[in-house]
Structure formats: structure tokens, C-alpha cells
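In: how would this look folded up:
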Amino acid sequence: MTISPEGEVVDAELVDDSHLPAPRPETAPARPLVDRHTILRPNAPIPTTADLPSYTEADFRISEETAELLDEALPENTSRTYKSARDRFEAWCRANSRVHLPCTTATFVEYAGHLIRLDKSPSTIQVAMSAIRSGHPDGQQPGMKEAREALRKHARGWAQRRTAKKATGIRTDMLTAMVATCTTETDTDYPKATRDAALLTLGWGMLSRRSELAHLLIEQLAIDDDGINVLVAFSKTDQAAKGETTFVPADPDAPATCPVVRIRAWLEELRRQGVTSGPLFRHINRGGAIRHRSGPRGDFLTPDAIGAIVKTRAKTAGLPDPSRITAHGLRRGPAQEIAEAGEDPTGQGRWKAGSLTVRKHYVEPAQGKANNTITAMRRKRAKQAAERDEETS
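Out: I've put the predicted structure just below:
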């Protein structure tokens, strides 16, 4: 473009707007990055926004394989429970015109109050709160202080109104009755009965959680005449999967409930059906054949299936109040008997050393029975009465 001395345009070229030179962006001065917690050493420069790294999309992307690992990171039961709790929270937020993710602290507290008004158990509310917070991105979780205090007050009142329902411990006589139901008259019943007897006796001997039984592999058993070494690859208290071996002793005086006898019989049945590796406890169809399954669990029984087997055998055995007997009874029953014998069940049950659960639910109750002062008083009186009778006779 040419301009005359008088300021008139004498020559110009028309161009498309898209080709005009882009205006220079204004560069904002770097802002200091300090707050009331900042500590600067002598002569150290004040950090500014200019010191921050420049991220690209690549810094935020993860691969499909890593995404699958993250989806499978939580234990199966925990993942299912957390998803259910988050779904209920989302539905409540939708019904109350609230944002569920990321939610405000007020919404979080109001939902906790909602669960408290429904008189949910403190443990149920705690799980819901943990599920909601863990579902938020880092740094966007709602505050916990108010909800935690409300839950604490609710827990005190709830404990006064309710008595926790604990699974009935499966004692030796109950185990014997349940295993006795694993007898058959037809060939098609034999595989299922053999599996159930092995599951019951091994689970009882290793004080097993149902999830531990559900994940056992044939390769994780080392069987000798005097017992079985069982490698528990991971468990509730071993999420890092370091693995722990438990020795389950044989019981030659009671072959019907001896885990060595029962496991050997089950492994022989598996070999007869062509199975020599992989999941230890499997599905069996009505014809008595191992049923191979696809899906995320493959041939493994689910923990729920383990629970159903225990309940069915308890009911078939005619045990009192079978509705209260669950797979946890295979863990609780022997733990009670070990504690009552004056021993510590911690190692056999793979609890953490010094477990408060073991002390509170097994050791202290057993000691309370053994060292009860009223019982001791009655024994002393009975002894004194017997001595007087001897003197007068």
C-alpha cells in the first residue's frame, strides 16, 4: 500500500482477511507462585508461573492396556461394592437436582445425612463415603470433616439400638455334619459331593476367606501325608500379592473330615476329567461333568458360589438356624476353637500380626470364658462342698 504526502492512498492491494498478519499475542507477565506455606531460602528466587512445565496431550493420555489394569485394580468384591454405592449416590443426586461429579461438600454431607436418616449401619455409610470420594479426581474430593462427625454421632446411637449379626462359627461337630452330607448314591452326584467335601475341609483347616478359596489354583497345593501347604497368592490383607503359605495339617483320627483325604479325592476326580492345572474349585453340571466357562472369571467359582455351597450343606445337614451360617463360618469357627484352646489363630488365618480383630473377637472372648471369676467362684465352692462331704463321711 502506498500513501501520498497528502495522506491519500494512491496504490493498494486487496487481500483476503484470512491472510492478514495475525496480531501479536500479549504476553502476560509471569505471576509469582507463593502462598502462606511457601518457604524461601536465602537468595532463592521467587517461583513464578514461568517455571511451570508446558504439558501436551501426551502427558495426560494412558494406553488401553493401562486403562484395563486400572479397572481391575480393586479387589472384585470391593470394586462391585464401590460401583453400587456410586450408582446409588448418582441416582440420589439426579433425583435431587444435584451434581454428583465432582460434588460439593454440601451435597456430600447431605447424602451422608440421608443415609443416616434411613438408619443405615455405620459401616454401610462409611463404605458409601469412601466410594464417592475415591471416584473423584485427585484434589476435587468433597470435605470429610462434617460428614465424619455426623457419622460418629450416628454410630454411637446405632450401637445402642442394634446388635451386630455375626456369622455362626462352624465348629468341628458342625463341619462333621456338613461333610457327612457329601455322600452319594448315584455316579452323577459323586463329583459335586467330592468337590464340596474338599472345599469344606480345606477351607476350615486354613481358616479361609471365601475369596481365597475361590481363587486357589491346583498348582498352589503341595500335599504330603501329614498335611497340605497352600500358597495364598493374595488376600484381603495382602493386596500387593506377596503371597503367604499356610500349612493345613492332616487329621488321621477323623478321616471323614481330613483335608488330605478329601483334597486327594477331589484332585483324582479332576484328573479323571482331564483337569490337572488351573482353578481348584470349579462348576459341575447336572451330569457330573466339569463345566468350562468363558467370561472374566473363566473356570473359577465365584466367592458367592462358595457361599452358596456352604449354605446348602448346612441346610442339608439340618444345622440349627442355617440362615446364619455363611462361608465366613469356615474361618470363624476354627478361630474360636483355637483361641479357646489358649492358642493364637492369627498365623493360621493370615491376619496381620497383632490384629485387633483377632484379639477382640476370638482371644478376649475365649479368655473371658476361661478366666471368668463367677465360674471360678462356683468351682471353688463346689470343691469346698466336696471336701466337707468327705470330712463328714
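
In: following element in sequence after the helix or strand hosting residue 332, please.
Out: Under the criterion of DSSP states H and E, residue 332 resides in helix 329-340. Of the helices and strands lying after helix 329-340 in sequence (DSSP H and E), the nearest is helix 356-358.

In: can you list the residues that contact that following helix?
Out: 335, 339, 344, 345, 346, 349, 351 (CB atoms under 8 Å, 6 or more residues apart in numbering). C-beta coordinates here come from the backbone N, C-alpha and C atoms, glycine included.

In: now it: buried residues?
Out: Within helix 356-358, the residues scored as buried using 16 or more other CB atoms under 10 Å are residue 358.

In: check the offset of it from the chain's centre.
Out: Distance, stretch centre to chain centre, for helix 356-358: 17 Å (CA atoms, centre = their mean, to the nearest Å).

In: what mean pLDDT does it have?
Out: Mean pLDDT, computed over helix 356-358, is 86.

In: which elements pack onto whichever helix or strand comes after it?
Out: Following helix 356-358 in sequence order, the next helix or strand is helix 364-370 (DSSP H and E). Under the contact criterion of 3 or more CB pairs under 8 Å, 6 or more residues apart in numbering; DSSP states H and E, helix 364-370 touches helix 329-340.

In: need the residues that contact the helix it packs on.
Out: Taking CB under 8 Å, 6+ apart as the rule, helix 329-340 contacts 166-172, 174-175, 200, 203-205, 207-210, 310, 314, 344-345, 348-349, 358, 361-363, 365-367, 369-370.

In: in that helix, what's buried?
Out: Those would be 329, 330, 331, 332, 333, 334, 335, 336, 337, 338, 339, for helix 329-340 by 16+ other CB under 10 Å.

In: pLDDT averaged over that helix, what's the number?
Out: 93.

In: closest to residue 279 out of the contacts of helix 356-358?
Out: residue 349 (22.6 Å; CB to CB).

In: against residue 242, how distant is that closest one?
Out: Computed as CB to CB, to the nearest Å, the residue 349 to residue 242 distance reads 17 Å.

In: who has more neighbours out of these two?
Out: Using other CB atoms under 10 Å as the criterion, residue 349 and residue 242 rank with residue 349 on top: 23 against 9.

In: from what I see, the more buried one and residue 207 are in contact.
Out: Yes. Residue 349 lies in contact with residue 207 (CB atoms under 8 Å); the separation is 3.7 Å.

In: ok, back up a step: tabulate the buried residues of helix 329-340 (TSV), appending distance to residue 68.
Out: Below are the buried residues of helix 329-340 laid out as TSV (distance: CB to CB, whole Å):
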residue	distance to residue 68
329	36
330	33
331	32
332	36
333	39
334	38
335	37
336	41
337	43
338	41
339	43
